[in-house]
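Student: Provided below for reference: sequence and predicted model.
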Amino acid sequence: MTENRVQNLHFDVKASSKTPTETLVETPGSEFLVKEHKGLNNPENRVNPEQYFLGSLAGCICRMAHVVAYEKGIELKKLRLNIGGNIDPSKFRGENNEERSGFKELNIKIDAETEVSEESMKEWLEEVENRSQIIDSLENSVELNLQLS
């Protein structure tokens, strides 16, 4: 008897620091620049690592939302997300080693316009959450291996 096993997909990026506040990230098919704001009140169309992180989460949720909607025969007329959370900058600044440096909680508001029942939408949302790779990575401990080469 043969098993129908899907091989794991591998994702990777390469990154190089252009300046202390600019990182060029290369993917197999594209590249993007992560740039820190010059000041908290002066964003200058720059996207920082935390915003890319939240954007990646939004992209994964949107992709899965459309896949699940298609599979369930749900027409999404509109899909908008608002994702946010707070970070205590103390550890980042080297001021406090007691606090975690990352997000402690993320709030995700999904505005999905469709003509199906509230119960169907609850089932849809549960499946989106269960199948999202980024949500799974955030909710479960992911082993990180930092190495010098």
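Tutor: Structure's in. What do you need? Not measured: the values here are computed from a predicted model.

Student: The helix or strand hosting residue 53: which residues count as buried?
Tutor: Secondary structure from DSSP states H and E places residue 53 in helix 49-72. Under the neighbour-count criterion of 16 or more other Cβ atoms under 10 Å, helix 49-72 has 53-54, 57-58, 60-62, 64-65, 68-69 buried. C-betas here are computed from N, CA, C, even on glycine.

Student: so what does it touch, helix or strand wise?
Tutor: Counting contacts by 3 or more Cβ pairs under 8 Å, 6 or more residues apart in numbering; DSSP states H and E, helix 49-72 is packed against strand 31-35, strand 78-84, strand 107-113, helix 118-131, helix 133-139.

Student: Out of these, which gets the lowest mean score?
Tutor: Ranked by mean pLDDT, the helices and strands packed on helix 49-72 bottom out at strand 31-35, which scores a mean of 88.

Student: so who does the spatially most central residue of the chain touch?
Tutor: Nearest to the mean C-alpha position of the chain, by Cα atoms, centre = their mean, lies residue 57 at 2.0 Å. Going by Cβ atoms under 8 Å, 6 or more residues apart in numbering, residue 57 touches 83, 106, 108, 134-135, 138.
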